[in-house]
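Trainee: with the input below, show me the fold.
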Amino acid sequence: MTISEVELKPCFLTPERVQPEYPLLVYLPGMDGTGQLLRSQTAGLETGFDVRSLALPRKDLNTWDMLTKSVLDLIDAELEKSSQRPVYLCGESFGGCLAMKVAIQAPHLFKRIILINPASSFHLRPWLNWASQLTYLVPSGLYDVGALGLLPFLASLSRISRSDRHDLLKTMRSVPAETVLWRLSLLREFRIDEEHLSNLTQPVLLIAGGSDRLLPSVTEVKRIANILPNNKVVILPNCGHACLLEKDTNLYEILNNNEFLERKADIGRVKK
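Mentor: This next block holds a predicted model:
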């Protein structure tokens, strides 16, 4: 997918290895919306998945409903090519909120769901909620400085390689101020109907960074676990909010260790 195509409308980034015989894993990214920060996990995930990462245009100002529709349309397009394979839905932070919206809109589509530090707890941080409303007063030229100051809250920097720290900062700075403000407003207004959420019967893996300094992710995944009928909570004790960038975090191993992967026999049936 070219940069110009990403700028026009939401799309899926496709890795070099397209594996239609494997289960489809759809990753919905955090506030940056680029989908690029999954790179450090892609090689491991490709052991057992055909990976797609959502990329949103830098100036995307769509509502939750429009974003949900875009994701479902993209998944439908993928399944037209290979309709018999299971679909895993994985959302991180902002993408965790979007994943919940997508899942309750089309629960039949997803074999399993993974939520990582979902930002549905945004409203539980009064100071963050308050500060996000004041960002309208900040000149856009200061957003680069703000992005740098936010890094220690986003990630356990000592656990991230120098190149990944650089990529994280570069990605944060690539999102225009107007888009950041819009996505913050979406998080402030985000609510999910608990009854609809409780109707999701497929297995859900809830992953939280135990050292998340940005959001109360451990509290939030435990709250969500009390709503979902079929879930497992995994706490990564030393991980921050952007835990997938940390050197010791391997999402594929986490899924494997928690028996969250398709059995090889199931994959074999899809291949035939």
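Trainee: hmm, who's touching stretch 191-203?
Mentor: Contact partners of stretch 191-203, identified using Cβ atoms under 8 Å, 6 or more residues apart in numbering, comprise 97, 100-101, 103-104, 107, 110-113, 120, 224, 227-232, 260. Every C-beta, even on glycine, is put in place using the N, C-alpha and C of the backbone.
Trainee: pLDDT score for M31?
Mentor: pLDDT, M31: 87.
Trainee: look at it and say how many residues are nearby.
Mentor: Residues lying near M31 (other Cβ atoms under 10 Å) number 20.
Trainee: the residue nearest to it when sequence neighbours are not counted: what's it in contact with?
Mentor: In space, not counting the residues next to it along the chain, M31 is nearest to F94; the distance is 4.7 Å by Cβ to Cβ, 6 or more residues apart in numbering. Residues counted as contacts of F94 (Cβ under 8 Å, 6+ apart) are 29-31, 33, 119, 183, 186-187.
Trainee: okay, buried residues for the strand or helix carrying L169 please.
Mentor: Per DSSP states H and E, L169 falls inside helix 162-174. Using 16 or more other Cβ atoms under 10 Å as the test for burial, helix 162-174 gives 164-165, 167-169, 171-172.
Trainee: after that helix, which helix or strand is next?
Mentor: Following helix 162-174 in sequence, per DSSP H and E, is helix 177-189.
Trainee: from the contact counts, what lies against that next one?
Mentor: Secondary-structure packing of helix 177-189 (3 or more Cβ pairs under 8 Å, 6 or more residues apart in numbering; DSSP states H and E): helix 94-105, helix 126-134.
Trainee: how far is that helix from where the chain is centred?
Mentor: From the chain centre to the centre of helix 177-189 is a distance of 16 Å (Cα atoms, centre = their mean, to the nearest Å).
Trainee: longest helix in this protein, please.
Mentor: Counting residues, the longest helix found in the chain (DSSP state H) is helix 64-81.
Trainee: quick one on the thing from earlier: nearest to T14, of the contacts of F94?
Mentor: Nearest to T14 among those: P29, at 14.8 Å, using Cβ to Cβ.
Trainee: and that closest one, how far is that from T219?
Mentor: Look at P29 and T219: by Cβ to Cβ, to the nearest Å, they are 23 Å apart.
Trainee: ok, which stretches of the protein are helices?
Mentor: Under the criterion DSSP H, helices of the chain are mapped to 3-8, 39-45, 64-81, 94-105, 126-134, 143-154, 162-174, 177-189, 194-198, 217-225, 251-257, 264-271.
Trainee: show me what the mean pLDDT comes to for the fourth one.
Mentor: It stands for helix 94-105. So the average pLDDT for helix 94-105 ends up being 97.
Trainee: how far is it from where the chain is centred?
Mentor: Remark: helix 94-105 is offset 9 Å from the chain centroid, using Cα atoms, centre = their mean.
Trainee: ditto for the longest one
Mentor: Between the centre of helix 64-81 and the centre of its chain there are 15 Å (Cα atoms, centre = their mean).
Trainee: what comes up buried for that helix?
Mentor: Those would be 64, 67-71, 74-75, 78, for helix 64-81 by 16+ other Cβ under 10 Å.
Trainee: what's the closest of the residues you listed to T179?
Mentor: Distance to T179, by Cβ to Cβ, is smallest for L67 among these, at 12.6 Å.
Trainee: please name the residues that touch the closest one.
Mentor: Residues in contact with L67 (Cβ under 8 Å, 6+ apart) are 10, 56, 60, 98, 101.
Trainee: can you count the residues close to the third one?
Mentor: Same thing as D60. Applying other Cβ under 10 Å, we find 19 residues neighbouring D60.
Trainee: how far away is it from V221?
Mentor: Using Cβ to Cβ, D60 is found at 27 Å from V221.
Trainee: sorry, back to before: what's the angle from the longest helix of the chain to helix 94-105?
Mentor: Angle, helix 64-81 to helix 94-105, by axes from the mean of the first three to the mean of the last three Cα atoms, to 10 degrees: 70 degrees.
Trainee: hey, C-alpha coordinates of helix 64-81 in PDB?
Mentor: The C-alpha coordinates for helix 64-81 follow below in PDB (Å, rounded to 0.1, in the frame of the first residue of the first chain):
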ATOM      1  CA  TRP A  64     -16.400   5.800  15.900                       C
ATOM      2  CA  ASP A  65     -19.300   4.600  13.700                       C
ATOM      3  CA  MET A  66     -17.400   5.500  10.400                       C
ATOM      4  CA  LEU A  67     -14.200   4.000  11.600                       C
ATOM      5  CA  THR A  68     -16.100   0.800  12.600                       C
ATOM      6  CA  LYS A  69     -17.600   0.600   9.200                       C
ATOM      7  CA  SER A  70     -14.300   1.100   7.400                       C
ATOM      8  CA  VAL A  71     -12.700  -1.700   9.400                       C
ATOM      9  CA  LEU A  72     -15.500  -4.100   8.700                       C
ATOM     10  CA  ASP A  73     -15.500  -3.200   5.000                       C
ATOM     11  CA  LEU A  74     -11.700  -3.900   4.900                       C
ATOM     12  CA  ILE A  75     -12.200  -7.300   6.600                       C
ATOM     13  CA  ASP A  76     -15.000  -8.200   4.200                       C
ATOM     14  CA  ALA A  77     -12.700  -7.400   1.300                       C
ATOM     15  CA  GLU A  78     -10.000  -9.700   2.700                       C
ATOM     16  CA  LEU A  79     -12.500 -12.500   3.300                       C
ATOM     17  CA  GLU A  80     -13.700 -12.300  -0.300                       C
ATOM     18  CA  LYS A  81     -10.300 -13.700  -1.200                       C
END
